[in-house]
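J.: next one to model:
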Amino acid sequence: MGGRGRRGLHWSLIGIALFILLAIATPFLVPISGFIPELERIASEKLGQPVSIDELRLHPLPTPRMVANGIAVGRKMDLTIGELEIVPDVTSFVSGARSIRLIQAERVYVRESALAIPKGMPKSQGGEPIFVRRLVLKEVNLQHSKLRVPQFDADVALGEGFSLERALLETRDGSMKLELDASKAFTFTAKQWILPAGAPLKFDALAVQGTLKGEQLDLTKIEGLLYGGKIAGTARASWTKQWQVTGNAKLAGVDLVPVQQAFGKPAKLSGRLKADAAFSSRAKAANQLGNALMLDGPFEVEGGAYQGVDLSKAGDITGKPAAGDATSFEELRGLLQMRGKQVKINRLCVRSPKVVAGGNVEIAPDQKLSGKLDISVAKTGGFVGVPVSLGGTTSDPSVTPTRGYVIGAVIGTVLLPGIGTSIGSSIGSRIEGTSDCK
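T.: Down below sits the predicted model:
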């Protein structure tokens, strides 16, 4: 056979091979819409929710797989998936336990109502289980009334019996990353990250190490930077018969103004906070833990001011609060005690060149203030003691001279008009008893 004949045979064989390949591949590349109704029926029975699928295809390369587009679950499209790809382990369907190499979902939108779907799923009717080795979620959007979660990706590797081998969850904006291994040890890192629940506190950086085993979460190391200061601590949470949380936290140099703003409250108190607190809570449900919180520990605020009250005017029994009143201080310290929404501050001490004040303060759940302070106000003859009662609310506080102080001031004025008021005020302070703010 001549060279031209051999070349003709060569190209003929290539053409035949391509024709056979296309003949085999064509059924996998065209829509197989005839299977959609049956798949929708099976999925709806398994989930206990209506399921719809817009398009279904089979792809042979790089390995056989099924691709579905436009999936919606729930009567109100509680869960939607732009594209779902399922890659089976072909050999496992010939012999051994059946398994899926990969389930990958892209453009996933989850409404809050979708989280209740697992509770309403019918009980399994048995049959041969199919194991999933890897689950990948991309571009996940979670819509929740109480959680603020940026769009994220997740990659989970599973072993026999759906045991976890590793997991990675990372927000697409790079603000947060969570890694979990087979031993249930995990690391959590974040930067420029806002708490997803509760007050939207923003961390410049946060690193957490811990373990998640059964129904117990141990955070063995917590370190973070927020509002110009630092936080460090440990915590433990368990949820067997009821929810329990315990731990401790240390704060140093945290700017209080943005913290109050994050809680949606006016920034009445400024300065840098230092604190060392232990906390615990116990409740039947996780959303009740905040109302049962118990927290105790000393605190100190340096170089700030409290807006709304000028304690240096406390000796003026006829004076009224004025706009812009404030008490500047070099130091404010005390012992904080929280029981749910009830707050007590014992051994309170406020120091500045003009005022030294000490006493106890209580904040009721409705934010009403009560308590007493013994205030020493700088006068020309030294410091004059002024005992006062606290009133009003945290957003609109007030101080009122106590009855003993008023009596002393009146006595001093009657006995020594002009200079007797201050002397009488000191007498009044001794009648009420003074605080040892040391």
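J.: point to the helix or strand of this protein where mean pLDDT is at its lowest.
T.: helix 420-432 (a mean of 40; mean pLDDT, DSSP states H and E).
J.: run a quick neighbour tally on the residue lying closest to residue 294 once chain neighbours are set aside.
T.: Closest residue to residue 294 apart from its sequence neighbours, by C-beta to C-beta, 6 or more residues apart in numbering: residue 280 at 5.2 Å. Quick note: C-beta positions are derived from backbone N, CA and C, even for glycine. Counted with other C-beta atoms under 10 Å, the neighbours of residue 280 add up to 17.
J.: direction included, what does the one helix or strand residue 280 maps to pair up with?
T.: Taking DSSP states H and E as the criterion, residue 280 maps to strand 272-283. Note on strand 272-283: by DSSP bridges, its sheet partners are strand 243-255 (antiparallel), strand 294-307 (antiparallel).
J.: check the offset of stretch 177-196 from the chain's centre.
T.: In terms of C-alpha atoms, centre = their mean, to the nearest Å, the centre of stretch 177-196 is set 13 Å apart from its chain centre.
J.: list the contacts of that stretch.
T.: With contacts defined as C-beta atoms under 8 Å, 6 or more residues apart in numbering, stretch 177-196 is touched by 147-149, 159, 163-171, 174-176, 200-213.
J.: of these, grab the buried ones for ChimeraX.
T.: Buried residues within the contacts of stretch 177-196, by 16 or more other C-beta atoms under 10 Å, are selected in ChimeraX with:
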select :167,169,170,171,175,176,201,203,206,208,209,210
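J.: in strands only, show me the contacts of stretch 177-196.
T.: In strands, judged by DSSP state E, the following of these are found: 164-171, 176, 202-213.
J.: hmm, back to that, for the strands paired with strand 272-283, which one sits closest to residue 98?
T.: Residue 98 lies closest to strand 243-255 among those, at 38.5 Å (C-beta to C-beta).
J.: Provide a list of residues in contact with residue 236.
T.: 216-219, 245-247.
J.: how about 10 Å then?
T.: Residue 236 makes contact with 210, 216-220, 244-247, 280 under the criterion C-beta atoms under 10 Å, 6 or more residues apart in numbering.
J.: so residue 51 touches residue 73, yeah?
T.: Yes - with contact defined as C-beta atoms under 10 Å, residue 51 counts as touching residue 73 (5.4 Å).
J.: overlap of the contact sets of these two?
T.: In contact with both residue 51 and residue 73: 43-44, 79, using C-beta under 10 Å, 6+ apart.
J.: turn those residues into CSV, columns for distance to residue 292, neighbour count and secondary structure.
T.: Formatted as CSV, these follow (distance: C-beta to C-beta, whole Å; neighbours: other C-beta atoms under 10 Å; DSSP: H, G, I helix; E, B strand; the rest coil):
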residue, distance to residue 292, neighbour count, secondary structure
43, 41, 17, helix
44, 41, 14, helix
79, 33, 20, strand
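J.: mind putting those in JSON lines, distance to residue 62 and pLDDT included?
T.: Shown next, in JSON lines, are those (distance: C-beta to C-beta, whole Å; pLDDT from 0 to 100):
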{"residue": "43", "distance to residue 62": "26", "pLDDT": "83"}
{"residue": "44", "distance to residue 62": "31", "pLDDT": "85"}
{"residue": "79", "distance to residue 62": "28", "pLDDT": "92"}
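J.: reformat the residues you listed as TSV; add distance to residue 231.
T.: Formatted as TSV, the shared contacts of residue 51 and residue 73 follow (distance: C-beta to C-beta, whole Å):
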residue	distance to residue 231
43	46
44	48
79	36
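J.: avg pLDDT for stretch 215-235?
T.: If you average the pLDDT over stretch 215-235, you get 96.
J.: mind checking the end-to-end distance for it?
T.: Across stretch 215-235, the terminal residues are separated by 14 Å (C-alpha to C-alpha, to the nearest Å).
J.: ranges for the strands of the stretch 1-150 of the chain?
T.: Under the criterion DSSP state E, counting those that start in this stretch, the stretch 1-150 of the chain contains strands at 51-59, 65-73, 79-88, 99-111, 131-132, 134-143.
J.: show me how far stretch 336-345 is from its chain's centre.
T.: Chain-centre distance of stretch 336-345: 21 Å, with C-alpha atoms, centre = their mean.
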